[in-house]
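>>> With the sequence up front, the predicted model follows.
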There are 2 protein chains.
Amino acid sequence: MRIYYWAFFLLFSISAYSFAQEDICIGKKYKVFSNLLQEKREYQVYLPNSYNKNSSDKKYPVIYLTDGESFFHSLTAVHKSFFTERASLMPECIVVGIINTDRTRDLTPTKSAYRRDGTREEGDKELGGGAGTFARFLIEELRPLIDLGYKTSGENILFGHSYGGLFVLSVFFQYTDKFDTYIAIDPALWWDNAKLAKDAEYILQTKQFSNKTLYVGIAGGKRPDNRYIHFSVANVFLEETLPKGKEKGLLYYSKVFPDENHGTIPIPGMIDAFRQIYVTPNLRNKFK
Amino acid sequence: MRIYYWAFFLLFSISAYSFAQEDICIGKKYKVFSNLLQEKREYQVYLPNSYNKNSSDKKYPVIYLTDGESFFHSLTAVHKSFFTERASLMPECIVVGIINTDRTRDLTPTKSAYRRDGTREEGDKELGGGAGTFARFLIEELRPLIDLGYKTSGENILFGHSYGGLFVLSVFFQYTDKFDTYIAIDPALWWDNAKLAKDAEYILQTKQFSNKTLYVGIAGGKRPDNRYIHFSVANVFLEETLPKGKEKGLLYYSKVFPDENHGTIPIPGMIDAFRQIYVTPNLRNKFK
């Protein structure tokens, strides 16, 4: 009988050993019911390395991230790369990604049937227009939950790419005081025949943007479905319209990426945004 | 009595709901005992998106990654960014990261007491020299385990930064046929008074490198502790020594990153390596 026990023990040890494994996790996913959107929404939370080690009162800025399912992995990786053994190049942040349910509805500020090239064809349906409600979900429903559950500093950053970038800009213009820093990567400026870029001119004249930071990165590489309107709008918007915000206190940073297209710009855009907003001004202060 | 049940049920429902959470995981960590290194080693495994969905016989190349604790998160993020709704820009890979125990011992090919600037001071101890054994651990102990446990295609890629980049180059020269593609980001060429770069000249004349791919990325931005030897060695190595491998069948790609330093180059280096190795040649084939 004894030999069976040993055989069993040996077999158990081997399998226990070779199956010994541990998940490598970068965050947690939660659900919340939104009264504003009348649906259940999923969001992701990344906590920086020092968060749990730190029993002190240290508080953290929060980066709110649209298209969480696409960019949570890469944005947290890029963010972490700003912390080396030698230096912390930006403040450690909590990252909150929001998972899409109806991306076009939530991330576009106006209803529109215009195509990318600024044309409309008979039968084209109007889509979108829910960015205002989605912004209120972020600000009025999700943020209080985050501020309640985590050690947040009150500094809030909003990040988005493509429709997400358009959303960031629409929040920047409509709810200016609700976030401190806005990062828009290759925003879909063509939406609604470039209405947002056209309206921006007027809003920049009438509003104050003191202590607000805006970064816009634009992909210079052409893609078959990026029609002319996007590039011409982007150029004027970046080089003529937005710089006017500086007179109203805006800290404005931008870059055109000649070697990136709409699909390849996100990671280089994140790196450059963090560098221009956090690293370069710090170096400037250090050496002045 | 009944009301207690209801109160309990309600309380339970609320807590279950607000605590509903799910880990966001990017891989698993395993342990294996190495006879060659005479110690337990941890390694990480990332499986590409299609891996488990795919019940077919699809097999995947494997990227072996040194300094897994530093680069597993970012390398898997960068790799994923090459897959969009529109296009797969490189082959989907399994990523295997190796966690360090004694980084200097495992990643440097020779014992050395030389400093970064090529000098030696009395009392400086000799360190390192274990890259040969560590390479054998990867090739003879870890790889059979990976090939047994996963749907691998037999194509193997080796990636490393800094000491890890030096390791990649030392494996490239010593065990040339053991990997298909070698990616070295800002390798620590100064090690042992630049012995590897000096020896490379001779090895490139005597060995064949048919069907082997080598990418070397060098940070052009200076850092206080990057002394002159590194840059002068890197320039000659990149522009004169390695191109000679092309006569021996080597596919050689390189880039100097003027805006990156040793600490900031990893992610831009990964992006450029994958682009030069996979995306550009594919585009070239497509349009020729």
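Received the coordinates, thanks. Quantities reported herein were computed from a predicted structural model and do not represent experimental measurements.

>>> Neighbours of A:Val279, how many?
Applying other CB atoms under 10 Å in any protein chain shown, we find 16 residues neighbouring A:Val279. Every C-beta, even on glycine, is put in place using the N, C-alpha and C of the backbone.

>>> Please name the spatially closest residue to A:Gly249 (chain neighbours excluded).
Spatial nearest neighbour of A:Gly249, excluding adjacent residues (CB to CB, 6 or more residues apart in numbering or on different chains): A:Ser210 at 3.3 Å.

>>> Surely the one you found and A:Gly245 touch.
No - counting by CB atoms under 8 Å, A:Ser210 does not reach A:Gly245; the two are 10.4 Å apart.

>>> Which one's more surrounded, these two?
The neighbour count for A:Ser210 versus A:Gly245, taken as other CB under 10 Å, is higher for A:Gly245 (21 against 10).

>>> my guess is that one meets A:Gln205, correct?
No - when contacts are counted by CB under 8 Å, A:Gly245 is not listed as touching A:Gln205 (9.9 Å).

>>> which stretches of the stretch 51-200 of chain A form strands?
Here the stretch 51-200 of chain A has its strands, by DSSP state E, counting those that start in this stretch, at A:60-65, A:94-98, A:152-161, A:181-185.

>>> Out of those strands, the one nearest B:Leu138 is which?
strand A:94-98 (33.1 Å; CB to CB).

>>> what's the closest one in contact with?
With contact meaning CB atoms under 8 Å, 6 or more residues apart in numbering or on different chains, strand A:94-98 is reached by A:27, A:41-48, A:51, A:60-69, A:71-72, A:75-76, A:79, A:138, A:142, A:146, A:150, A:152.

>>> mind running it again at 7 Å?
Applying CB atoms under 7 Å, 6 or more residues apart in numbering or on different chains, the contact partners of strand A:94-98 are A:41, A:43-48, A:60, A:62-66, A:68, A:71-72, A:75-76, A:79, A:146, A:150, A:152.

>>> of those residues, list those near chain B.
A:Gln44, A:Phe72 (CB under 7 Å from any CB of the partner chain).

>>> Tell me which of the strands of the stretch 51-200 of chain A sits most buried.
Greatest average neighbour count among the strands of the stretch 51-200 of chain A goes to strand A:181-185 (a mean of 27), per mean count of other CB atoms under 10 Å in any protein chain shown.

>>> picking up where we left off before, mind checking which of the contacts of strand A:94-98 are buried?
Buried members of the contacts of strand A:94-98, counted by 16 or more other CB atoms under 10 Å in any protein chain shown: A:41, A:43-48, A:60, A:62-66, A:68, A:71-72, A:75-76, A:79, A:146, A:152.

>>> Take those residues and keep only those in helices.
Judged by DSSP state H, the subset of these located in helices is A:Gly68, A:Phe71, A:Phe72, A:Leu75, A:Thr76, A:His79, A:Ile146.

>>> Greatest separation within those residues: which pair is it?
Taking CB to CB, the two most distant members of those are A:Phe71 and A:Ile146; they sit 17.6 Å apart.

>>> Nearest spatial neighbour of A:Arg103, chain-adjacent residues omitted?
Among residues not flanking A:Arg103 along the chain, A:Tyr163 sits closest, at 6.1 Å (CB to CB, 6+ apart).

>>> Give me the distance between that neighbour and chain B.
Look at A:Tyr163 and chain B: by CB to the nearest CB, to the nearest Å, they are 13 Å apart.

>>> Contact residues of chain A facing chain B?
A:20-31, A:44, A:72-74, A:77-78, A:80-81, A:84, A:86, A:263, A:266-267, A:271.

>>> Kindly supply the ChimeraX command isolating those of the residues you listed that are buried.
Provided next is the ChimeraX selection string for whichever of the residues of chain A next to chain B are buried by 16+ other CB under 10 Å:
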select /A:24,26,27,29,30,44,72,73,74,77,78,80,81,263,266,267,271
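
>>> What pairs with the lengthiest strand in chain A, parallel or antiparallel?
Ranked by number of residues, the top strand in chain A under DSSP state E is strand A:21-34. Strand A:21-34 pairs in its sheet with strand A:39-46 (antiparallel), strand B:21-34 (antiparallel), by DSSP bridges.

>>> where in the stretch 51-200 of chain A is pLDDT low?
Applying pLDDT under 70 to the stretch 51-200 of chain A flags the ranges A:54-55.

>>> ok, and for stretch A:160-175, which residues are buried?
A:160-174.

>>> from the middle of its chain, how far away would it be?
Taking CA atoms, centre = their mean, to the nearest Å, one finds stretch A:160-175 lying 9 Å from the centre of the chain it belongs to.

>>> ok, and what's touching stretch A:196-210?
Residues outside stretch A:196-210 that contact it (CB under 7 Å, 6+ apart) are A:109, A:166, A:169-170, A:173, A:176, A:189, A:233, A:237, A:241, A:244-245, A:248-250.

>>> scratch that, stretch A:72-89 is what I was asking about
In this structure, residues lying in contact with stretch A:72-89 by CB under 7 Å, 6+ apart are A:26-27, A:44, A:46, A:65, A:90, A:93, A:95, A:97, A:159, A:266-267, A:270-271, A:274, A:278-279, B:24, B:26, B:73-74, B:77, B:80-81, B:263, B:266-267.

>>> cool, stretch A:161-175 as well?
Residues from elsewhere that reach stretch A:161-175, judged by CB under 7 Å, 6+ apart: A:66-67, A:71, A:103-104, A:107-109, A:131-132, A:135, A:139, A:158-160, A:178-179, A:182-188, A:191, A:196, A:200, A:203, A:214, A:262, A:266.

>>> quick one: the residue nearest to A:Gly249 and A:Lys246, what's the gap?
Distance of A:Ser210 to A:Lys246, computed by CB to CB, to the nearest Å: 11 Å.

>>> Find residues that contact each of those two.
Overlap of the contact sets of A:Ser210 and A:Lys246 (by CB under 7 Å, 6+ apart) is empty.
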